[in-house]
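Peer 1: Predicted model and sequence follow; I will ask about them next.
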Amino acid sequence: MAAGENDLNFKETMERIDSRLLGLDNLQILQVNLGNKCNQRCEHCHVQAGPDGQKVMSREVMLKIIDFLRRHEGLVLDITGGCPELNPDFKFFVDSVCGLASCLMVRTNLTVFFEAGLEWVPAWYAEHKVALVASLPCYTEENVDKQRGQGVFEKSIKALKMLNELGYGCDWNLELNLVYNPGGDFLPGSQDELGADYKSELDEKYGVRFNNLFTITNAPIGRFRQYLEANGQLEQYQQLLKERFNSEAAWNIMCRRLLSIDYRGVVYNCDFNQAIGLSIINGAGKEVSIEHLEDAISGGIEIITGEHCFCCTAGAGSSCTGSLLK
């Protein structure tokens with residue numbers, strides 16, 4: 001971003017490029033958040049998930065989402081949390097949507113496979129050919145355990161080996177992708193270069209294989225915002241995101257093709273907006289929910305923005321599937 005433009009908010013910045021960037025272009029991905037219950041309590045978590053999470057999607061809401069997917073077959077379905085596997089109706093939901101989506105992906109923290117009663121999950125994923133997006137914010141034990149908790153790295157490697165034995169990460173029929181996010185107030189490095197480092201380190205040291213690495217920039221919301229505020233770094237980090245604004249990345253922001261559904265069935269432009277309660281609003285000023293999503297799409301959906309949106313356009317850009325500049 002050029003000098004003198006740092007005072008513009010995100011909406012103004014995008015409007016200077018093209019006002020079309022502030023609306024849903026073509027819905028391709030439906031991201032469904034099954035709740036904020038998780039067996040971990042990560043320092044950077046923007047949804048502030050943890051073992052005490054109480055926001056859990058009901059089967060009633062799931063049935064409404066399934067109905068929507070039946071009318072819109074061919075969408076990518078991206079299931080997330082918290083830890084989605086801890087939703088008591090998780091198996092029911094995935095069984096019901098198999099065959100409705102062009103690609104079915106689940107975001108897993110890996111360690112959940114070792115929770116009591118969930119030992120069946122990895123083989124079941126393989127049977128249903130679910131694409132996995134697994135959190136592993138670094139390839140070193142020290143950094144992972146610092147972010148995600150003591151012993152998480154060791155369990156994650158054990159889980160990755162288990163997935164490799166099932167065929168994950170070895171070909172594209174069983175896709176296994178890893179997610180990197182920075183351990184502090186800085187942007188990710190090159191996705192390609194970091195991905196190559198991950199593959200070399202994990203293969204040589206642990207015999208672990210995977211398909212792709214996704215680099216995701218930390219949004220200054222949730223626990224990461226609390227961390228920045230506690231260390232007096234929030235303003236500096238927000239300024240960094242603004243200064244590194246990339247107009248090329250702006251054309252590829254995920255909210256132009258993705259919608260996010262929360263545990264209540266309320267619709268958002270993205271998971272970040274969901275985390276801070278910026279829901280999509282209809283013409284009557286009411287929140288749009290899954291049962292009224294079709295009408296909302298036909299009328300055009302505006303992207304609701306905030307200062308946190310600069311995290312998606314900084315540097316090489318960031319989305320739920322990594323860098324925006326391939």
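Peer 2: That came through, no problem. Numbers count the residues shown, from 1 in each chain.

Peer 1: so how far is residue 211 from residue 164?
Peer 2: 11 Å (Cβ to Cβ, to the nearest Å). All C-beta atoms are positioned from the backbone trio N, CA, C, and that covers glycine.

Peer 1: who touches both of the two?
Peer 2: residue 176 (Cβ atoms under 8 Å, 6 or more residues apart in numbering).

Peer 1: got any ranges where this protein has weak pLDDT?
Peer 2: 1-7 (pLDDT under 70).

Peer 1: rerun at 50
Peer 2: 3-4 (pLDDT under 50).

Peer 1: Which parts of it are strands?
Peer 2: 29-33, 76-80, 103-108, 131-135, 176-180, 212-215, 258-261, 267-268 (DSSP state E).

Peer 1: For residue 245, find the nearest of the ones you listed.
Peer 2: strand 212-215 (17.3 Å; Cβ to Cβ).

Peer 1: who does that closest one touch, helix- and strand-wise?
Peer 2: Applying 3 or more Cβ pairs under 8 Å, 6 or more residues apart in numbering; DSSP states H and E, one finds that strand 212-215 makes contact with strand 176-180, helix 191-206.

Peer 1: and the residue nearest to residue 314 when sequence neighbours are not counted, how many neighbours?
Peer 2: The shortest distance from residue 314 to any non-neighbouring residue, by Cβ to Cβ, 6 or more residues apart in numbering, is to residue 244 (4.1 Å). When neighbours are counted by other Cβ atoms under 10 Å, residue 244 registers 18.

Peer 1: For residue 82, give me its contacts.
Peer 2: 33-38, 47, 49, 53, 55.

Peer 1: Residue 208 is in contact with residue 202, correct?
Peer 2: Yes - at 4.1 Å, residue 202 counts as touching residue 208 under the criterion of Cβ atoms under 8 Å.

Peer 1: Looking at these two now, which is surrounded by more residues?
Peer 2: residue 208 (24 against 20).

Peer 1: who's in contact with the more buried one?
Peer 2: Applying Cβ under 8 Å, 6+ apart, the residues contacting residue 208 are 157, 160-161, 164, 169, 202.

Peer 1: Out of those residues, which two sit at the greatest distance?
Peer 2: Going by Cβ to Cβ, the pair spanning those furthest: 157 and 169, at 12.7 Å.

Peer 1: Looking at these two, which one has more neighbours?
Peer 2: residue 169 (23 against 20).

Peer 1: Please list all residues in contact with that one.
Peer 2: 160, 163, 175-176, 208-211.

Peer 1: For it, give its distance to residue 117.
Peer 2: 25 Å.

Peer 1: and if you look at residue 305?
Peer 2: The gap separating residue 305 from residue 117 is 41 Å, by Cβ to Cβ.

Peer 1: More neighbours: these two, which one.
Peer 2: residue 305 (21 against 6).

Peer 1: Now do the contacts for the more buried one.
Peer 2: 9-11, 14, 22.

Peer 1: if we go to 6 Å?
Peer 2: 10-11 (Cβ atoms under 6 Å, 6 or more residues apart in numbering).

Peer 1: hey, which of the helices and strands packed on strand 212-215 is tucked in deepest?
Peer 2: Sort the helices and strands packed on strand 212-215 by mean neighbour count, taking mean count of other Cβ atoms under 10 Å, and strand 176-180 sits at the top with a mean of 22.

Peer 1: doesn't residue 42 make contact with residue 148?
Peer 2: Yes - the criterion here is Cβ atoms under 6 Å, and residue 148 meets it with residue 42 at 4.9 Å.

Peer 1: These two: which has the busier surroundings?
Peer 2: The residue with more neighbours, out of residue 148 and residue 42, is residue 148; 25 against 22, by other Cβ under 10 Å.
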